[in-house]
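Undergrad: turn this into a structure:
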Amino acid sequence: MTQIIVLPHGELCPDGAVIEATPGRSLCDTLLDNGIDIEHACEKSCACTTCHVVVREGIQSLEPAEEAEEDMLDKAWGLEPNSRLSCQALVTNTPLVIEIPKYTINMAKEGGRK
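TA: Presented below is the predicted three-dimensional model:
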């Protein structure tokens, strides 16, 4: 099991969390399995940015983002060099520290898509 530290998020995880993750599972599934209800509007198909996270420590252990993920990340609110879509980032054996951005862009929910 791999330790993931989730930094505090006002709505999803006010006190932060330390969770154990199974290598090979996505960050999104790991968060959801541990009661952190991160948005995932596209049902984890790499078609939105609602599951955007910033990897504060351990990013070098993750496989590089593929082109489709990079294209979607360009649309994410608060994009940083160490941003990832949690539905695409697979946990390895290296501990991670992640931050869930305060805001997210959900085009379907906000009426941007018809």
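Undergrad: drop to CA atoms for contacts and neighbour counts, all remaining ones
TA: Noted.
Undergrad: what about the strands in the protein?
TA: Ranges of strands within the chain are 2-6, 17-21, 52-57, 83-85, 96-99, based on DSSP state E.
Undergrad: just name the most buried of these.
TA: strand 83-85 (a mean of 26; mean count of other Cα atoms under 10 Å).
Undergrad: what pLDDT does the model give the residue most central in space within the chain?
TA: By Cα atoms, centre = their mean, the mean C-alpha position of the chain lies nearest to residue 86, the distance being 2.9 Å. Listed pLDDT for residue 86 reads 98.
Undergrad: let me see the contact set for it.
TA: 26-28, 51-53 (Cα atoms under 8 Å, 6 or more residues apart in numbering).
Undergrad: show me where pLDDT drops low in this protein?
TA: Residue ranges of the chain with pLDDT under 70: 107-114.
Undergrad: let's see 90
TA: For the chain, applying pLDDT under 90 flags the ranges 103-114.
Undergrad: what segments of it are helices?
TA: For the chain, the helices defined by DSSP state H occupy 27-33, 67-73.
Undergrad: tabulate those helices in TSV, adding columns for mean neighbour count and distance to residue 11.
TA: Below are the helices of the chain laid out as TSV (neighbours: other Cα atoms under 10 Å; distance: least, Cα to Cα, whole Å):
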stretch	mean neighbour count	distance to residue 11
helix 27-33	19	14
helix 67-73	15	22
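Undergrad: how about JSON lines for the ones you listed, with distance to residue 96 added?
TA: What follows is those, written out as JSON lines (distance: least, Cα to Cα, whole Å):
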{"stretch": "helix 27-33", "distance to residue 96": "10"}
{"stretch": "helix 67-73", "distance to residue 96": "19"}
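Undergrad: gap between residue 98 and residue 21?
TA: 13 Å (Cα to Cα, to the nearest Å).
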